[in-house]
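In: Fold the stuff below for me.
(3 chains)
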Amino acid sequence: MEFHRRGTSTCIFPEMPVVVAAASVVGPREGEGPLGRLFDMVYNDTLFQETSWEKAETRMLRQALDLALAKAGIDQTQVDFLLAGDLLNQIISSSYMAREYDIPYVGLYGACATMAEGLALGSLLVGGRFARYVAVASSSHHDTAERQYRYPTEFGYQRVPTSQWTATAAGAVIIAAKGAGPRVEAVTVGRVQDYGVIDPNDMGSAMAPAFADTVWRHLQDMSRKPDDYDLILSGDLGKIGVGISHRLLLQKGIDIESRHQDSGLLLYEMKPEIGAGASGCGCIASVFTAKFWPDLMAGKIKRMLLVATGALHSPTSCQQGESIPSIAHAVALVSETA
Amino acid sequence: MTKACIREREAYSRLSEDYRPKRPIVRNIILAFVVGGLICVVGQFFLDYLVSRKLAPTQAQAMTSSIMVFLGAFLTGIGVYDKLGRLAGMGAALPITGFANSVVSPAMEFKREGFVLGVSAKMFQVAGPVIVYGSLVSVLVSILRLYIFK
Amino acid sequence: MTYIKAFVVGGVLCAIAQFILDITKVNPALIMVSFVSAGAILSGLGIYGPLVKLGGAGATIPLTGFGHTLVTGMLEDAAKMGWFGLLTGGLRAASSGLTAAILFGYLMAVLFNPKG
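Out: Residues are numbered from 1 along each chain as shown, chains lettered A, B, ... in the order given. Down below sits the predicted model:
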């Protein structure tokens, strides 16, 4: 039997799955950011007319999925799998979103790497001919994350410069066996890395080694150089993680600096309270769907590597003094015209 | 610890240190000093007023604390105190208004989880430890004062 | 003049707390706990009483003042009723602040919602 694998960690597709639709929904602060006008939908308050932030997050996720389905011009009955994840305990935003649909559902948790995890698994399902259409969605909400991971939202504490601002954002994509849109060329599933970072307010440092390892493996497996990509988009390394990851990759003789953008640095104007940048499952999900998926569609980007990173800690593990394990998954996308 | 061994972790911690921005300590201290000082001036204003109304000093002091607790609670309620805390750090957290903020913020936050297991159970998330350690240390100090170093 | 003294004493206490927070990088709750304890210890050493005389509200409003109140209350009650005063004095002296915190805390939770 022939396997569609390259090197240590990469899967390639003889028939490349197509990302036929992508949609984004964000909160007010994200709407005021540099990418503001690119999002499909911007809410002007963080409750979205719901009675709790958790419900608001579920609604945002549902909205993103509905928009993506509409853009793809398909009905939910045609979708064979729904893959979704978020940051909350027991991924409630995703599961409560899924109960509104009649689609087989797989809940994912990869922290801020969830969108790449979903894209990778969705592509494998479609590429392996187990599905005609797969929907992938992920979200985060600043206030639900604050009250779960940090302090009550009205608690007056000072944010430190290494901390990152959880985005209120959701993104959804539809992956299909055929159609118009960017193709998924290869996926590289990352390995959990832990270099002993224990500060939950410094996720950039914790995630940088995972990013560097996955990018290095992907390039090795595919026998490629960074210049083969127009863009390497990382999830939310933030200022600190970007700097460290460049250094780590340079140690392996790989220079990605000119090709690299970080969605954590694209979402907001960099004010002191934002800290090192944006974070959360919704960060890369919304930045990719709002900015780079259209660029791929238009052929402005020929080939890109999407690498989302996630810090896999919990408040409990941090209180017990455990270090932060991290993950990064890579998905290589090519535009139709390439 | 599976992959990264201790030596790698130490090397990584040194490497990553270069990229971590330093906290703006001087700015933080100045802001804490000014805001903390001003909150105390507000307290002094009420204290002076109550003393001028012929209240006993201890009673005036206790009443001042209660007024300041109310102010901290109210400013938390209308969504101002978290911004003050973000700006001034311990300058907003250390005065008793900050103690009130630490009580009101979880109480408000967990209202959606109900009034018993939400509001009242979470109310002392931060303030609880303050009361616990305050009482423990005070008992210890008082014992030393009363029976050992008379 | 009392205002300047209150400003300086209160400001310095907050500045010290901020300095320790930024140097040690612990969480703010730990600093609050340490300062209450420190206030109690300074009170026991006979240092905090004079500081209150000097700084007025500048010394009583910061959480160190809460520690001082607890110790003062315990010593007062112990003078009246012996060792049992240790169990009654602390919270008696601090009761107005604590009850106010519970009352207003609950009230604000009823009246307002968090804005994020």
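
In: Where does the prediction get shaky in chain B?
Out: For chain B, the stretches flagged by pLDDT under 70 are B:1-4.

In: 50 - rerun?
Out: B:1 (pLDDT under 50).

In: Helices of chain C, residue ranges please.
Out: C:2-24, C:28-44, C:48-55, C:57-60, C:63-81, C:85-111 (DSSP state H).

In: before we move on, what about chain A?
Out: Secondary structure of chain A by DSSP H: the helices cover A:28-31, A:53-72, A:92-98, A:114-127, A:142-149, A:203-221, A:238-251, A:263-266, A:281-287, A:293-297, A:315-319.

In: Tell me which of those helices sits most buried.
Out: Highest mean neighbour count among those (mean count of other Cβ atoms under 10 Å in any protein chain shown): helix A:281-287, with a mean of 37. Glycine gets a C-beta too; all of them are placed from N, C-alpha and C.

In: ok so, going back, for residue B:122, find the nearest of the helices of chain C.
Out: When the helices of chain C are compared by Cβ to Cβ, helix C:85-111 sits nearest residue B:122, at 9.6 Å.

In: so which of the helices of chain C is the most packed in?
Out: helix C:57-60 (a mean of 30).

In: contact partners of that helix?
Out: Helix C:57-60 is contacted from outside by B:37, B:40-41, B:43-44, B:46-47, B:61, B:64-65, C:5-11, C:13, C:48, C:51-52, C:65, C:68-69, using Cβ atoms under 8 Å, 6 or more residues apart in numbering or on different chains.

In: chain center to that helix, what's the gap?
Out: 9 Å (Cα atoms, centre = their mean, to the nearest Å).

In: Without its sequence neighbours, what residue ends up closest to residue A:88?
Out: Nearest non-adjacent residue to residue A:88, counting by Cβ to Cβ, 6 or more residues apart in numbering or on different chains: residue A:144, 5.8 Å away.

In: List the residues that contact the one you found.
Out: Counted by Cβ under 8 Å, 6+ apart, residue A:144 has contacts A:53, A:54, A:57, A:87, A:88, A:93.

In: Same list, those, but as JSON lines with pLDDT and distance to residue A:253 please.
Out: Output for the contacts of residue A:144, formatted as JSON lines (pLDDT from 0 to 100; distance: Cβ to Cβ, whole Å):
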{"residue": "A:53", "pLDDT": "97", "distance to residue A:253": "45"}
{"residue": "A:54", "pLDDT": "97", "distance to residue A:253": "46"}
{"residue": "A:57", "pLDDT": "98", "distance to residue A:253": "42"}
{"residue": "A:87", "pLDDT": "97", "distance to residue A:253": "35"}
{"residue": "A:88", "pLDDT": "97", "distance to residue A:253": "40"}
{"residue": "A:93", "pLDDT": "97", "distance to residue A:253": "41"}
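
In: before we move on, the earlier item: so for residue A:11, which of the helices of chain A sits nearest?
Out: Taking the helices of chain A one by one with Cβ to Cβ, helix A:114-127 is closest: 6.4 Å.

In: any idea of the angle the closest one forms with helix A:203-221?
Out: 30 degrees (axes from the mean of the first three to the mean of the last three Cα atoms, to 10 degrees).

In: tell me the mean pLDDT over helix A:114-127?
Out: For helix A:114-127, mean pLDDT is 98.

In: How about the contacts made by residue 39?
Out: You didn't pick a chain, so chain A it is. A:24, A:25, A:26, A:30, A:31, A:286, A:290.

In: actually it's chain C I care about, not the one you picked
Out: B:134, C:48, C:62, C:63, C:64, C:65, C:66, C:67, C:68.

In: Quick check: the fifth one vs residue B:39, distance?
Out: So the one you mean is residue C:64. Per Cβ to Cβ, to the nearest Å, residue C:64 is found 14 Å from residue B:39.

In: where does the spatially closest residue to residue A:51 that is not a sequence neighbour land in three-state SS?
Out: Excluding the flanking residues, the one nearest residue A:51 by Cβ to Cβ, 6+ apart is residue B:112, at 7.3 Å. Under DSSP: H, G, I helix; E, B strand; the rest coil, residue B:112 falls in the helix class.
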